[in-house]
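>>> With the sequence up front, the predicted model follows.
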Amino acid sequence: MIVYSATIFISAFLLFQVQPVIARFILPWFGGTPAVWTSCMLFFQVALLLGYGYAHLLATQVALRRQPVIHLGLLLLSFLMLPIAPDIAQVSGTTEQPTLSIMILLFFAVGFPFLMVSSSAPLLQHWFASSYPNATPFRLYALSNAASLLALLSYPIAIEPVLRLSMQSLLWSGAYVVFGLFTAACAVIVYRSSMESWAKPETQQVLSKHTIWERTLWTLLAACGSVVLLASTNQLSQDVAVVPFLWILPLSLYLISFIICFDRDRWYQRWLWYPFLGLMLIALVYLMRQDYAGYEISLPLQIAIYSGAVFACCMVCHGELVRRRSAANQLTTFYLYVALGGALGGVFVNLIAPLIFDGYWELHGSLVATVILAGICLWQDPDFLSSTDMRRTFAVTWVSALALLIIPLGLHIQEQRDLSIFNTRGFFGVLHVYQDIVETGASARYFYHGRVNHGFQIQTGEMRLQATSYYGVNSGIAAAFRNHPGRSNSFGENAGLKVGVVGLGIGTISALAQASDTVRFYEINPQVEEIAGSHFSYLEDTPGNKEVIIGDARISMRQELTQDGSQQYDILVVDAFSGDAIPVHLLTQEAMDLYWQHLKADGVLLLHITNFHLDLSDLVRNLAQYSGKRATLISDPAQQFYELSNNWVLVTDNAELDSSPEILEMKSDWERIEPKETFWTDDFNNIFEVIDWD
């Protein structure tokens with residue numbers, strides 16, 4: 001028992017530790033979007049299904065004494081893929097088929113080792129049940145989920161803040177070799193057991209039968225829990241920031257529900273978990289309505305409500321799943337259907353939902369589906385509904401509860417769609433265009449990524465040419481455009497500026513350009529360029545020259561450096577946002593090195609750090625110091641109706657710009673005299689250092 005428990009524990013720990021490690025590797029290569037994590041989850045869910053399928057075939061189609069020989073042979077072959085590490089050379093700067101690119105990248109980086117560890121839980125439980133027929137193997141599944149939970153929780157707390165990515169990769173690979181040794185010990189045990197039983201007269205084992213409906217219900221319950229997990233993670237990450245913590249917390253709660261339900265039957269009590277589900281659904285609907293109404297909800301409360309809803313839905317789905325589990329002699333079949341449901345949930349969220357929904361509406365659907373499946377499970381339980389009157393009362397209550405859930409969720413979707421004039425969804429998130437009337441009576445259009453405002457334009461009169469929102473006349477970026485010494489040559493003539501911008505938005509920055517200026521935008525999402533050109537006119541109206549480069553900014557700029565040399569920008573603006581924060585890979589030491597290679601010696605790096613939940617001021621001050629430059633904060637409280645409060649940091653050693661009267665007048669004080677010791681690299685960064693929990 002100790003050997004089996006240790007092996008399953010190690011395999012499960014490796015299974016879920018590798019997921020955030022690999023996701024952190026590739027997150028910067030695909031724009032730091034929430035879909036990177038859900039695409040990784042899709043790969044791991046499909047790989048888990050393949051691993052369970054392999055375990056099922058080995059357990060049912062191969063003689064017991066041959067199973068350990070085959071499995072150990074494949075395990076030895078998988079060592080050839082160590083150490084695990086994705087190769088950035090396989091990623092281009094384009095954004096065509098990013099989900100497929102991620103799947104292929106992960107297959108070559110970690111596919112074979114992940115397949116072997118994913119097959120361990122069902123296969124080793126099968127071996128254990130074969131060697132010890134009087135013992136129950138299902139508690140080993142609870143143990144594996146506990147190990148998975150430990151792997152997830154330890155990553156943001158003890159692994160990511162301490163170890164560089166390269167070291168994380170090496171340590172995982174070393175632990176995988178240890179896992180192989182423990183698996184070999186289990187193989188020896190089951191091989192000896194099989195040889196002893198082979199020498200005895202064979203006994204026919206009676207297999208329990210399960211109907212198609214029972215297997216369908218297994219799949220649907222598992223799929224529903226998977227969709228709730230992925231959909232809520234998508235929603236929360238888009239509205240806050242794409243960080244491992246916001247991926248790992250919902251997934252941890254998902255695993256905890258498995259641990260509770262599989263450990264002992266008495267842990268799942270309907271009288272407790274059904275009311276809890278109702279309470280959390282009410283809270284989540286309330287949160288959605290408050291967000292729609294424009295109320296700013298504190299970050300801890302948002303996380304608590306989303307997490308509570310995920311946990312409640314998963315407890316009901318997995319609790320009902322365990323109540324219907326198979327006997328021990330068919331456990332690989334049961335686990336195969338559970339894995340199938342999880343994979344189908346991943347396929348729906350990643351591949352189907354973006355095609356049929358223009359918002360993250362699968363979250364709404366999964367909440368309704370949870371209530372429907374819960375009702376079906378209760379309806380089929382003769383011990384719960386023992387009389388006709390009870391069934392009639394339950395039917396009325398069930399339908400009423402569904403209506404009370406569907407109506408506000410439907411209104412939430414309809415209200416967002418009614419107010420918007422355009423909605424679209426892609427790999428990089430959900431984009432909306434809204435139209436409204438401003439206080440002067442003019443019409444204005446607003447661009448939102450999720451619920452985060454990324455700019456607006458007044459549509460009528462001369463105000464159509466006015467830079468609005470975060471780029472108003474008193475913003476740091478407007479001041480830099482006006483006061484940059486490169487505006488005039490030695491003869492006092494307007495020489496024009498060459499400006500690079502990371503992040504297009506609606507192209508508002510082009511409104512700051514003069515006829516002699518050139519503005520080059522880097523935009524990872526082609527849908528953003530389409531919206532900027534079709535629903536807004538900043539790009540069309542600008543007197544300057546403009547160009548839009550589609551692709552991740554760092555990859556595109558690195559390719560430009562190799563092919564054409566430095567762009568020699570006078571100003572380089574970092575204004576890309578994923579959710580409500582600049583993606584991490586745009587604020588690292590390596591990113592700074594790349595930016596300054598493309599800037600002139602007296603150039604200016606402008607960083608837009610406005611957001612609700614992250615305080616990036618100390619980080620950018622330290623990055624400026626690393627580059628040997630001065631950092632100046634300009635905070636604009638937004639004095640005009642067409643402006644939004646904003647914070648810009650000017651990083652430069654251009655003394656003429658720094659000492660210009662307007663910049664000196666607009667300069668703001670830092671919150672702290674000395675910045676906190678916060679410094680990020682591609683190999684090491686810690687999001688907890690910059691989270692503002694207020």
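Cool, the structure landed. Residues are numbered from 1 along each chain as shown.
>>> CA only for contacts and neighbour counts going forward, please
Noted.
>>> what's the helix or strand in which Met557 is found packed up against?
Remark: Met557 resides in helix 553-563, with elements defined by DSSP states H and E. Judged by 3 or more CA pairs under 8 Å, 6 or more residues apart in numbering; DSSP states H and E, helix 553-563 is in contact with strand 518-523, helix 589-598.
>>> Of those, which stretch is the most buried?
strand 518-523 (a mean of 23; mean count of other CA atoms under 10 Å).
>>> in its sheet, what does that one sit against?
strand 498-502 (parallel), strand 545-550 (parallel) (DSSP bridges).
>>> Model confidence for Glu96, exactly?
On pLDDT, Glu96 comes in at 62.
>>> likewise Asn489?
56.
>>> about what we covered before: as a markdown table, the strands paired with strand 518-523 with distance to Trp37, mean neighbour count and mean pLDDT would be great.
Shown next, in a markdown table, are the strands paired with strand 518-523 (distance: least, CA to CA, whole Å; neighbours: other CA atoms under 10 Å; pLDDT from 0 to 100):
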| stretch | distance to Trp37 | mean neighbour count | mean pLDDT |
| --- | --- | --- | --- |
| strand 498-502 | 22 | 24 | 95 |
| strand 545-550 | 22 | 18 | 93 |
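>>> who wins for proximity to Thr211 among those strands?
strand 545-550 (51.6 Å; CA to CA).
>>> okay, the angle between the closest one and helix 553-563?
Here strand 545-550 points in a direction 110 degrees away from that of helix 553-563 (axes from the mean of the first three to the mean of the last three CA atoms, to 10 degrees).
>>> how about His454, secondary structure?
Using DSSP: H, G, I helix; E, B strand; the rest coil, the structure places His454 in strand.
>>> residues contacting it?
Tyr446, Phe447, Tyr448, Gly505, Ile506 (CA atoms under 8 Å, 6 or more residues apart in numbering).
>>> Counting neighbours, which bits of the helix holding Met557 end up buried?
Buried residues in helix 553-563, counted by 16 or more other CA atoms under 10 Å: Ala553, Arg554, Ile555, Ser556, Met557, Arg558.
>>> Specify the next element, helix or strand, located C-terminal of it.
Defined by DSSP H and E, the subsequent element after helix 553-563 is strand 569-574.
>>> by contact count, what packs against the helix of greatest length in the chain?
The longest helix of the chain (DSSP state H) is helix 165-198. Applying 3+ CA pairs under 8 Å, 6+ apart, one finds that helix 165-198 contacts helix 2-26, helix 67-78, helix 120-131.
>>> Can you tell me which of those is nearest to Ala184?
The nearest among these, by CA to CA, is helix 67-78 at 6.7 Å.
>>> Can you give me the buried ones in the closest one?
Applying 16+ other CA under 10 Å to helix 67-78 flags Gln67, Pro68, His71, Leu72, Leu75, Ser78 as buried.
>>> what's the closest of these to Ala339?
His71 (20.0 Å).
>>> For Ser78, see how far away that closest one is.
The gap separating His71 from Ser78 is 11 Å, by CA to CA, to the nearest Å.
>>> For Leu378, give me its contacts.
Phe384, Leu385.
>>> typed the wrong thing, it's Val177
Contacts of Val177 (CA under 8 Å, 6+ apart): Phe79.
>>> pLDDT below threshold where in the stretch 101-250 of the chain?
133-139, 141, 194-209, 238-246 (pLDDT under 70).
>>> repeat that for 90
When residues are selected by pLDDT under 90, those of the stretch 101-250 of the chain lie in 101-106, 108-109, 120-166, 186-214, 232-250.
>>> Can you point out the buried residues in the helix or strand where Asp418 lies?
In the assignment (DSSP H and E), Asp418 maps to helix 388-419. Residues of helix 388-419 classed as buried: Arg391, Phe394, Trp398, Leu402, Leu405, Ile406, Pro408, Leu409, His412, Arg417 (neighbour count, 16+ other CA under 10 Å).
>>> Following element in sequence after that helix, please.
Downstream of helix 388-419 (by DSSP H and E), the next one is strand 420-426.
>>> Could you please name the strands that next one pairs with and the direction of each pair?
strand 429-437 (antiparallel).
>>> returning to what we had before: in CSV, list the buried residues of helix 553-563 along with pLDDT and distance to Gln466.
Output for these, formatted as CSV (pLDDT from 0 to 100; distance: CA to CA, whole Å):
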residue, pLDDT, distance to Gln466
Ala553, 89, 27
Arg554, 88, 30
Ile555, 85, 32
Ser556, 90, 30
Met557, 93, 29
Arg558, 91, 33
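>>> quick one: Ile70 from Leu77, how far?
11 Å.
>>> correction: Ile691
Between Ile691 and Leu77 the computed distance is 43 Å (CA to CA).
>>> got it, and Ser617?
For Ser617 relative to Leu77 (CA to CA), the value is 49 Å.
>>> what does Leu512 give?
Relative to Leu77, Leu512 is positioned 59 Å away (CA to CA).
>>> Would you mind naming the helix or strand containing Leu504?
Of the helices and strands defined by DSSP H and E, none includes Leu504.
>>> can you pull the contacts of it?
Counting by CA under 8 Å, 6+ apart, Leu504 has contacts Phe521, Tyr522, Glu523, Val528, Glu529, Val548, Asp575, Ala576.
>>> Let's see that with 10 Å instead.
The contact partners of Leu504, by CA atoms under 10 Å, 6 or more residues apart in numbering, come to 454, 510, 520-525, 528-529, 532, 539, 548-550, 575-577.
>>> Thr562 now?
Applying CA under 10 Å, 6+ apart, no residues contact Thr562.
>>> Over to Trp361?
Ala231, Gln235, Val349, Ala353, Pro354, Leu409, Gly410, His412, Ile413.
>>> Domain ranges for this protein, per the record?
2-198+209-413, 460-689 (automatic domain parsing).
>>> Return the member of those domains having the minimum mean pLDDT.
With a mean of 84, domain 2-198+209-413 has the lowest mean pLDDT of the domains of the chain.
>>> quick one, helices of the stretch 151-300 of the chain?
Under the criterion DSSP state H, counting those that start in this stretch, the stretch 151-300 of the chain contains helices at 165-198, 212-239, 244-263, 270-293, 299-323.
>>> and the helix or strand that the last one is followed by, what other elements does it pack with?
Under the assignment DSSP H and E, the closest C-terminal helix or strand after helix 299-323 is helix 331-347. Helix 331-347 is packed against helix 34-61, helix 120-131, helix 212-239, helix 299-323, with contacts defined by 3 or more CA pairs under 10 Å, 6 or more residues apart in numbering; DSSP states H and E.
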